[in-house]
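Engineer: take this sequence and fold it.
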Amino acid sequence: MSSVLNDRDARKRILWGTAGLGMVGAAIGLNIAILRNLQPIRRHALTMAANWSLYSLFFLTNREALLHERLAKKEYLHLRPLLSARETDEMFSSVVAGGVTGGILSLVSFGRRAAIFSGIGFFALVSAVGQYSFTLFNRWRREKILRDKADKYDVVFEAKEEGKLAKMAASMRKSFLVDPISRLPDWFPLRRLSSTEYRGILELRREEVRAELDALRAAISAMDNREQALLSKLASLK
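Structural biologist: Sure, this is the predicted structure:
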């Protein structure tokens, strides 16, 4: 029992559970007092709250002690604490603690030993149903947290992938827009000409073509002259 009381989480569950069930008892006592016109109403509500709190404290303390004992035994045997096994331990602890609490409550309320067994069975059943409902709620909450984390991870992953694709597209667009020759080193023999340089090369080539044409015309003129001289010699021989 001392080990349970030294556990902060166990103390928190006991105190919060006792306070919550005490408020439920107060609400039930208030409604019963109003429906049956029991006066004073506040006293009946407080009495019901005190009874519920007392038996809730007894029930939750026994439950935590049984649960702690079972978990400590498994830890001593080096058994792996599976989630399903813990749920089974919680169900066992709740049923046993509920049966013990129900038996004591029946004995105190009715004062007959025959009522103990009915109290044990009834409160064990109520504890089992309550524990099962609480387990289902915890499973739903865990699955919801996992789904939310998975959705968040998917969104982050998609954003990262979209960022990578956008970066890749920007890099490809930049590679198309930037002149590839300009990225070549200075020692490379290939380079991009400016408009002035290109016009200068065209002008130089034009002058070379003109010079070649003039040389061709001179050669043709010389050939014509030799042909005329030859024809003149032939005519004089006749």
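
Engineer: residues contacting Tyr55?
Structural biologist: Residues in contact with Tyr55 (CB atoms under 8 Å, 6 or more residues apart in numbering) are 101, 105. C-beta coordinates here come from the backbone N, C-alpha and C atoms, glycine included.

Engineer: now it: how far from Leu71?
Structural biologist: Counting by CB to CB, to the nearest Å, the gap from Tyr55 to Leu71 is 24 Å.

Engineer: what's the following helix or strand after the one helix or strand Trp140 maps to?
Structural biologist: Using DSSP states H and E, Trp140 sits in helix 114-177. Going down the chain from helix 114-177, the next helix or strand is helix 195-237, by DSSP H and E.

Engineer: what distance separates that following helix from the centre of its chain?
Structural biologist: Centroid displacement of helix 195-237 relative to its chain, using CA atoms, centre = their mean, to the nearest Å, is 85 Å.

Engineer: cool, stretch 10-17 as well?
Structural biologist: From the chain centre to the centre of stretch 10-17 is a distance of 31 Å (CA atoms, centre = their mean).

Engineer: how about it: buried residues?
Structural biologist: For stretch 10-17, the neighbour count (16 or more other CB atoms under 10 Å) marks 10, 13-14, 17 as buried.

Engineer: then stretch 109-127?
Structural biologist: Of the residues in stretch 109-127, those buried (16+ other CB under 10 Å) are 115-116, 119-120, 122-124, 126-127.

Engineer: in the residues you listed, find the pair that's most separated.
Structural biologist: Spatial extent of the buried residues of stretch 109-127 (CB to CB) is set by the pair Ala115 and Ser127 at 17.7 Å.

Engineer: got the contact list for the residue nearest to the spatial centre of the chain?
Structural biologist: The residue lying closest to the centre of the chain (CA atoms, centre = their mean) is Lys149, at 2.9 Å. By CB under 8 Å, 6+ apart, the contact set of Lys149 is empty.
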